[in-house]
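Participant: task: produce atomic coordinates for the following.
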Amino acid sequence: MFNKKENIPNLLTVGRIILIPLFLLLASIPNNIVWHIIAAFVFAIASITDYLDGYLARKWHVVTNFGKFADPLADKMLVMSAFIMLVGLDLAPAWVTAVIICRELAVTGLRLLLVETGGEVLAAAMLGKIKTATQMLAVVLLLFHWAFVGNIMLYISLFFTLYSGYDYFREASFLFKDTFRK
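Facilitator: Numbering: from 1, shown residues only. The predicted structure is shown next:
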């Protein structure tokens, strides 16, 4: 039987993906704070759907394979696109963006390896949630051109990006126990 509740979290995820090109278009207008603020609001709305889709799926017990696949993909697409755009607008240093993207790719690879080896799926830990929240807040603040507070939040998010990445790899270190044997 068709369940409308099952589709709402997935529709929110698809909506987040659809908002990415709109966000990129608005944010790509250089030296125009008005369009950047509108882009920040679009990004904030997309970010809220990140929380809401997962919350509703768990609350209604309607977790789907599509949601398990598309939700983390949409999150990565949104955040990576935003940080790349910030570099292009000269609102964030390229090296910070590179570290954030590399961490995201490394943790995604780790999750895939865990699934492939029959290990437990690596759920988002509290550090990962803090990382995501600080990254999203940094993007919004920087798009508002609030450089001082935005950069502080950017470096706080960088700290949580690295720390949560370390934590994920520490938890899954058993996967690499034979890597450096003599």
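Participant: ok now do Met80, which residues does it touch?
Facilitator: Shown in contact with Met80 (Cβ atoms under 8 Å, 6 or more residues apart in numbering): 100-101, 104. Heads up, the C-betas are built off the backbone N, CA and C, glycines and all.
Participant: now Pro24: how far from Gly15?
Facilitator: Quick fix: residue 24 reads Leu, not Pro. Using Cβ to Cβ, to the nearest Å, Leu24 is found at 15 Å from Gly15.
Participant: distance check, Glu171 against Pro9.
Facilitator: 26 Å.
Participant: same check on Lys131?
Facilitator: 22 Å.
Participant: enumerate every residue touching Ile37.
Facilitator: 143-144.
Participant: one more: the one 10 residues further on?
Facilitator: Residues in contact with Ser47 (Cβ under 8 Å, 6+ apart) are 78, 136, 140.
Participant: among the residues you listed, which lie within helices?
Facilitator: 78, 136, 140 (DSSP state H).
Participant: closest one of these to Val115?
Facilitator: Distance to Val115, by Cβ to Cβ, is smallest for Leu78 among the ones in helices among the contacts of Ser47, at 22.7 Å.
Participant: many thanks, we can stop here.
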